[in-house]
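Engineer: The sequence and its predicted three-dimensional model are supplied below.
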Amino acid sequence: WKSFNLLLNTMAKEGFVIPNITFKARVRDESIPGPNPFTWKDVTTYDLFKGKRVVLFALPGAFTPTCSSTHVPGYNSKYDEILGLGIDEVYCLSVNDAFVMRQWGIHLGLETDESSTTNPLNPGNFKKVKFIPDGAVNFTRALGYTTKWDENRGFGERSWRYSAVINDLVIEKIFVEGGGVVQDSGPDPFEVSDADTMVAYLNSAKK
C-alpha cells in the first residue's frame, strides 16, 4: 500500500484522458425466470463517455449520510436542468458492487428504468442519475482518487468525493473536495462537488 500511496499524488486533473476501464454492471433480462431477472454485463468507460459530454460525481459509499441526504438527491433533482446545459448524461460512482448500488437507488426513491436500452447501464438502472458500480476500485485508482478510511470509518478503500465534467473521455472540469485526497480523513468535506456548483459551472461555460 505504501508504494501505491505515491500514486495518490497524481490525481487526475483537467485535461486527463479517461482510460478504458470495465465496470461489472447488472442489467435486467426478461428471459431469466424468477423474481430477480438480472444478468451481468461489462460496461466500459468508452461505452459511457466516448463521444459524449457527461457529468460524473463520485462519493465515499452507498447508504452513507451525506451521499444519501444531499449529494445524490441534489443531482437527481437537477438532472433535467443539467441536461439542458449541454450534458448528455449524469452518473454517480461509488466503490460498491452493482447489487448494493441498485438497492441504494431504490431506497432513495429513484425511479428505475426497467425497459430502455438507450444507456448501456439500462435496463435495470435508473431513469435520471445512473449509478456506476466501481466495486473493484479500478476506475477510482486509475484517476488517483482512492482513499483508505480504516481508522475513522472502517470503510477500507473508497473514493474521495469529487465531481467532474468529462467531454469525450477528457476531464473538462473537476471539483475536488478539500483540494485533494486525504487518507483516513476525519472530516468528509462536501462543499464543491454538489449539484448547484456544477450547474453554476455549466452555465458559465456556455458564455
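Structural biologist: Perfect, I can see it now.
Engineer: make it CA atoms for all contacts and neighbour counts henceforth
Structural biologist: Will do.
Engineer: Helices of this protein, start to end?
Structural biologist: For the chain, the helices defined by DSSP state H cover 2-5, 45-49, 65-66, 72-77, 79-83, 98-107, 138-143, 150-153, 195-206.
Engineer: possible to save the ones you listed as TSV with mean neighbour count, mean pLDDT and distance to V55?
Structural biologist: TSV is the format used below for the helices of the chain (neighbours: other Cα atoms under 10 Å; pLDDT from 0 to 100; distance: least, Cα to Cα, whole Å):
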stretch	mean neighbour count	mean pLDDT	distance to V55
helix 2-5	10	36	27
helix 45-49	18	98	10
helix 65-66	14	86	19
helix 72-77	19	97	10
helix 79-83	18	98	8
helix 98-107	18	97	18
helix 138-143	20	96	15
helix 150-153	12	72	28
helix 195-206	15	97	8
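Engineer: Of all those helices, which one comes closest to V27?
Structural biologist: Nearest of the helices of the chain to V27, taken as Cα to Cα: helix 98-107 at 9.4 Å.
Engineer: Check which helices and strands the closest one sits against.
Structural biologist: strand 22-28, strand 130-133 (3 or more Cα pairs under 8 Å, 6 or more residues apart in numbering; DSSP states H and E).
Engineer: Please report how far the closest residue to D97 other than its chain neighbours lies from F190.
Structural biologist: Distances taken as Cα to Cα, 6 or more residues apart in numbering put G135 closest to D97, at 4.5 Å, once the chain neighbours are dropped. From G135 across to F190, the span is 22 Å (Cα to Cα, to the nearest Å).
Engineer: So which residue is dead centre in this structure?
Structural biologist: Closest to where the C-alpha atoms of the chain average out (Cα atoms, centre = their mean) is L93, at 1.9 Å.
Engineer: Please consider this matter closed, and thank you.
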